[in-house]
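# Sequence below, structure please.
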Amino acid sequence: MLRRLTAIAVVANLIGQTLIIVTGGAVRLTGSGLGCSTWPECEPGQFVPAFHGETEFHVYVEYGNRMVGVLLGFVAIALAVLMRLAVTRLGRSAILARLAYGVIGMVLLQGLIGGVSVRLSLHPAVVGSHFLLSGVLLVLSTTLAVRWFEPDGAARPVGSRTVRTLGWVVAALTVAVVVLGVIVTGSGPHSGDDEVGYRFAVDPYEMAKAHAGAVWLFLAALVAFLVSVVRARPALPTVRRWALVLLGVTLAQGMIGYVQFFTGLPELLVGAHMLGAALLIVTTTRTVLTLRTREPADDASAPISLPTENASVTS
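Numbering: from 1, shown residues only. Purely as a prediction, here's the structure:
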């Protein structure tokens, strides 16, 4: 029962961290960031807005996003408790509990940054940091999910040094792509305020070109990584499978990006692009984590190992 409940909490946390990027994007794209005028209350003297026939749409969007954040807080607490029990009762690795504690800490930090963004009238730098922290949470949550479903034995590298190096290059370029994407959004009409656009003092068109250039560089590195994986001997089926998933996410994300750019940034496509960014972070993290494997731990409490790759240390 403990194993099953913990697995559910792990998956729920990962889905929730992705969902809140979508709901946060809805807040930004509908200009609802000040639907609640203060924080942590919604309005002075009341935590829950007064819902009635004249209630503005923005209030529902902003308050709904806050409630998703609260729900994620409860999920994070449950996750930490269950992971601690898994460590003490099932003999799982202590790193699982530490990762879960990290999720709690960052969820709390997200709440504080959300409050700061409201009090600073949605300054795009603060709003952008809100998204970037969600990206870090996705990396942490994906890592936690992978670690939970794999054995607790010692890690050993998979593939050649070239394969692993290219994998980390892809990961580094993902960071550049996401950060530049945040700057592009903050410099354009969807910076978080439906009345004030272009709030970063940079040219949104030039930033969009820089972002696109980073994406093409990322795609080139990903193709080089995939070629090296396909040519690897011994074969690396798990790495190849996730690299192909990452390639598919990248191509879809790139298509959405170009379409939204040439169609005037319609809100629906921008929202889809934000969801794509979340999926890009998750799949990149999962792909990088295939570059090492773990043997079953010595004790019988270790979970059944999923199929792993043969390791190679040749370059």
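
# Report the central residue of this protein.
Leu138 (3.1 Å; Cα atoms, centre = their mean).

# So for the one helix or strand that one maps to, mean pLDDT?
Taking DSSP states H and E as the definition, one finds Leu138 inside helix 124-148. The pLDDT scores in helix 124-148 average 89.

# now stretch 30-41
Computed over stretch 30-41, the mean pLDDT rounds to 79.

# In terms of helix, strand or coil, where does Ser37 fall?
At Ser37 the chain is in coil, as set by DSSP: H, G, I helix; E, B strand; the rest coil.

# Number the residues from 41 up from this point.
Yep, numbering from 41; the last one is Ser77 now.

# I'd assumed Glu83 was in contact with it.
Yes. Taking contacts as Cβ atoms under 8 Å, Ser77 lies within contact range of Glu83: 5.8 Å. Bear in mind the C-beta positions are built from the backbone N, C-alpha and C, glycine included.

# domain ranges for the protein?
Listed by automatic domain parsing, the domain ranges of the chain are 41-189, 194-355.

# for the helix or strand harbouring Gly145, which positions count as buried?
Assigned by DSSP H and E, Gly145 belongs to helix 134-159. Neighbour-count burial for helix 134-159 flags 136-137, 139-140, 142-143, 146-147, 150-151, 153-154, 157-158 (criterion: 16 or more other Cβ atoms under 10 Å).

# Where does confidence bottom out across the residues you listed?
Val158 (75).

# Quick check, that one in contact with Trp79.
Yes. Counting by Cβ under 8 Å, Trp79 is a contact partner of Val158 at 4.5 Å.

# Run a quick neighbour tally on Val62.
15 (other Cβ atoms under 10 Å).

# re the thing from before, where among the domains of the chain is average confidence lowest?
When the domains of the chain are compared on mean pLDDT, domain 194-355 scores lowest, with a mean of 84.

# Tell me which other helices or strands the helix holding Gly145 touches.
For helix 134-159, the packing partners by 3 or more Cβ pairs under 8 Å, 6 or more residues apart in numbering; DSSP states H and E come out as helix 97-129, helix 164-188.

# which residues touch Ser157?
Residues in contact with Ser157 (Cβ atoms under 8 Å, 6 or more residues apart in numbering) are 73, 163, 166-167, 170, 232.

# Likewise for Glu102?
67, 72-76, 82.

# Quick check: phi and psi on the spatially closest residue to it that is not a sequence neighbour?
Distances taken as Cβ to Cβ, 6 or more residues apart in numbering place Gly75 nearest to Glu102, at 3.1 Å, with adjacent residues excluded. Here is the backbone geometry of Gly75 (degrees, to the nearest 10): phi -60, psi -30.

# Then Arg332?
Torsion angles, degrees, to the nearest 10, at Arg332: phi -140, psi 160.

# try Ser200
Torsion angles, degrees, to the nearest 10, at Ser200: phi -80, psi 170.

# hang on, isn't it packed against Ser268?
Yes. Between Ser200 and Ser268 there is a contact at 7.5 Å, judged by Cβ under 8 Å.

# can you tell me how far the residue nearest to the centre of the chain sits from Trp208?
Counting by Cβ to Cβ, to the nearest Å, the gap from Leu178 to Trp208 is 18 Å.

# For Thr46, give me its contacts.
Per Cβ under 8 Å, 6+ apart, neighbours of Thr46: 119, 122-123, 125-126, 188.

# ok, so of those, who is nearest Gly221?
Nearest to Gly221 among the contacts of Thr46 is Leu119, at 28.3 Å by Cβ to Cβ.

# Distance of that closest one relative to Leu152?
Relative to Leu152, and taking Cβ to Cβ, Leu119 is found at 20 Å.

# Which stretches in the stretch 241-355 of the chain count as helices?
244-270, 277-302, 307-329 (DSSP state H, counting those that start in this stretch).

# any idea which of those helices is most buried?
Mean neighbour count (mean count of other Cβ atoms under 10 Å) peaks for helix 307-329 among the helices of the stretch 241-355 of the chain, with a mean of 21.

# can you give me the angle that helix makes with helix 244-270?
Going by axes from the mean of the first three to the mean of the last three Cα atoms, to 10 degrees, helix 307-329 is angled at 30 degrees with respect to helix 244-270.

# Mind giving me the packing neighbours of helix 307-329?
helix 42-69, helix 164-188, helix 201-226, helix 277-302.

# what distance separates the last one from the middle of the whole chain?
Its chain's average C-alpha position is 15 Å from that of helix 277-302, according to Cα atoms, centre = their mean, to the nearest Å.
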